[in-house]
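Peer 1: Okay, here's the prediction I keep looking at, along with the sequence it came from:
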Amino acid sequence: MREPTVLHQIEDIYYSCLAVVGVPVNSVAILILSQGKCGLSKCITCYLVAMAMADLLVIITDVILFTVIPFHFPGTYLDTTPAISLVHVLLSAATDISVWFTVAFTFDRFVVICCQKLKTKYCTEQTAAVVIMTMSVISCLKNTAWYFIYEPEYMIGNVPWGCVISMSFYTEAVWAAFDFASMILTPLLPFILIFLLSGLTVRHIFVTSRIRRNLLNQSKSEVHTDSEMENRRKSIILLFTISGSFILLWLTNVVYFLYWRIMNVRDYTGPHDPGYITEHSGYMLQLLSTCTNTCIYAVTQTKFREQLKNAVKYPFTAIVKLIK
């Protein structure tokens with residue numbers, strides 16, 4: 001049993017609430033976006049639907065199967081070694097997919113805004129589908145290796161229960177290289193790429209906006225509206241809110257990851273250790289990122305709000321029609 005610290009009590013409530021909120025929120029986002037009625041291009045819609053599906057998978061595997069059920073319902077099949085190993089593979093793959101879909105979306109928006117010549121060839125629904133499928137397959141294949149790092153903690157009637165990490169994971173060079181590559185690929189490299197691409201996009205927008213403003217000021221036309229910049233405004237807002245949310249919610253995790261690797265932290269003195277508290281707090285913030293995108297769509301996209309209102313009203317209108 002865990003020591004009933006304040007952090008652990010918060011975690012017990014937090015993960016249960018995250019499961020209750022995360023599943024319907026992402027399901028609604030998938031349903032609304034997949035209809036293609038939000039005024040977004042098919043390319044953007046493809047990435048957003050994929051991101052919502054990946055976030056839903058993270059909620060199901062990491063929050064529900066790995067955290068909530070084993071804690072509140074101990075002794076189920078999920079506590080057997082094969083089940084723990086499988087869930088770890090699934091949650092690792094889902095996390096990788098969720099993170100790298102965000103990278104793919106950020107890169108797609110970077111190309112749209114900063115690379116006009118490449119835009120027509122790259123920013124298509126077909127390209128988005130290929131990128132999404134490729135990332136999904138690579139993430140699943142790469143994370144399959146996690147299944148083989150665990151050994152049973154104890155045996156009951158020839159059934160392996162619990163799990164401990166195999167000693168070979170710490171002693172063999174192949175596992176050491178795999179572990180290091182996994183931590184670089186998620187979260188360090190995606191965090192750097194999203195931060196870099198967002199920064200380059202901001203710089204490009206400032207430069208082009210200044211140039212276009214000067215041209216408009218020099219123009220003799222009485223109409224000083226810039227339709228092209230106006231059309232790109234919603235896409236820019238969507239990019240910055242999604243990328244900014246990802247960076248903020250993953251920041252604690254990434255900073256602690258760097259500290260953990262540089263200082264070579266191996267263990268904690270207990271649940272009151274600042275390192276332990278920082279790690280668990282960063283993990284909670286990281287998982288919160290699986291629920292924020294739908295809120296971002298509702299705040300920044302007018303047509304998404306309209307579709308969301310219609311979805312909320314639909315059960316009530318259907319009941320009224322049945323009564324009449």
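Peer 2: On my side now, so go ahead.
Peer 1: buried stuff in whichever strand or helix holds residue 176?
Peer 2: Applying DSSP states H and E as the criterion places residue 176 in helix 173-183. For helix 173-183, the neighbour count (16 or more other Cβ atoms under 10 Å) marks 175, 178 as buried. In this view, the C-beta of every residue, glycine as well, is placed from N, C-alpha and C.
Peer 1: which other helices and strands contact that helix?
Peer 2: When contacts are defined as 3 or more Cβ pairs under 8 Å, 6 or more residues apart in numbering; DSSP states H and E, helix 173-183 sits against helix 168-171.
Peer 1: and with 10 Å instead?
Peer 2: Packing contacts for helix 173-183, counted by 3 or more Cβ pairs under 10 Å, 6 or more residues apart in numbering; DSSP states H and E, involve helix 125-143, helix 168-171, helix 227-262.
Peer 1: And these: which comes nearest residue 189?
Peer 2: Evaluated with Cβ to Cβ, the helices and strands packed on helix 173-183 place helix 227-262 nearest to residue 189, the distance being 10.5 Å.
Peer 1: Give me the angle between the helix or strand just after the closest one and helix 227-262.
Peer 2: Sequence order places helix 274-300 as the next helix or strand after helix 227-262, per DSSP H and E. Put simply, helix 274-300 runs at 170 degrees to helix 227-262, going by axes from the mean of the first three to the mean of the last three Cα atoms, to 10 degrees.
Peer 1: what helices or strands is the following helix or strand past helix 274-300 leaning on?
Peer 2: Proceeding N to C from helix 274-300, the next assigned helix or strand is helix 302-323, under DSSP H and E. On a contact count with 3+ Cβ pairs under 10 Å, 6+ apart, helix 302-323 meets helix 6-34, helix 227-262, helix 274-300.
Peer 1: One more pass at 8 Å, please.
Peer 2: Checking 3+ Cβ pairs under 8 Å, 6+ apart, helix 302-323 ends up next to helix 6-34, helix 274-300.
Peer 1: so it versus helix 6-34, what angle?
Peer 2: Using the same axes, to 10 degrees: helix 302-323 against helix 6-34 is 80 degrees.
Peer 1: just how off-centre is helix 302-323 within its chain?
Peer 2: Centroid displacement of helix 302-323 relative to its chain, using Cα atoms, centre = their mean, to the nearest Å, is 28 Å.
Peer 1: and if you look at stretch 292-307?
Peer 2: Centre-to-centre, stretch 292-307 and its host chain are 17 Å apart (Cα atoms, centre = their mean).
Peer 1: first vs last residue of that stretch, how far apart are they?
Peer 2: The first residue of stretch 292-307 is 18 Å away from its last residue (Cα to Cα, to the nearest Å).
Peer 1: quick one: buried residues of that stretch?
Peer 2: So stretch 292-307, judged by 16+ other Cβ under 10 Å, has buried residues 292-294, 296-298, 301, 304, 307.
Peer 1: next one: stretch 144-157
Peer 2: 146-147, 149-152.
Peer 1: After the helix holding residue 176, which helix or strand is next?
Peer 2: helix 189-218.
Peer 1: where does residue 105 land on pLDDT?
Peer 2: pLDDT for residue 105: 94.
Peer 1: Over to residue 116?
Peer 2: Per-residue pLDDT puts residue 116 at 83.
Peer 1: What of residue 231?
Peer 2: Looking at residue 231, its pLDDT is 56.
Peer 1: for residue 323, same thing?
Peer 2: At residue 323, the pLDDT value in this model is 80.
Peer 1: So which residue is dead centre in this protein?
Peer 2: Nearest to the geometric centre of the chain sits residue 98, at 4.0 Å (Cα atoms, centre = their mean).
Peer 1: Format the helices and strands packed on helix 173-183 as CSV; extra columns: distance to residue 30.
Peer 2: Listed next are the helices and strands packed on helix 173-183 as CSV, based on distance: least, Cβ to Cβ, whole Å:
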stretch, distance to residue 30
helix 125-143, 14
helix 168-171, 36
helix 227-262, 16
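Peer 1: any chance of those helices in a markdown table, with distance to residue 63 and mean neighbour count too?
Peer 2: Listed next are the helices and strands packed on helix 173-183 as a markdown table, based on distance: least, Cβ to Cβ, whole Å; neighbours: other Cβ atoms under 10 Å:
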| stretch | distance to residue 63 | mean neighbour count |
| --- | --- | --- |
| helix 125-143 | 17 | 16 |
| helix 168-171 | 25 | 12 |
| helix 227-262 | 15 | 16 |
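Peer 1: Pick out the shakiest of these, pLDDT-wise.
Peer 2: When I compare the helices and strands packed on helix 173-183, helix 227-262 is least confident, with a mean of 81.
Peer 1: For residue 315, the count of nearby residues, please.
Peer 2: Residues near residue 315, counting by other Cβ atoms under 10 Å, number 9.
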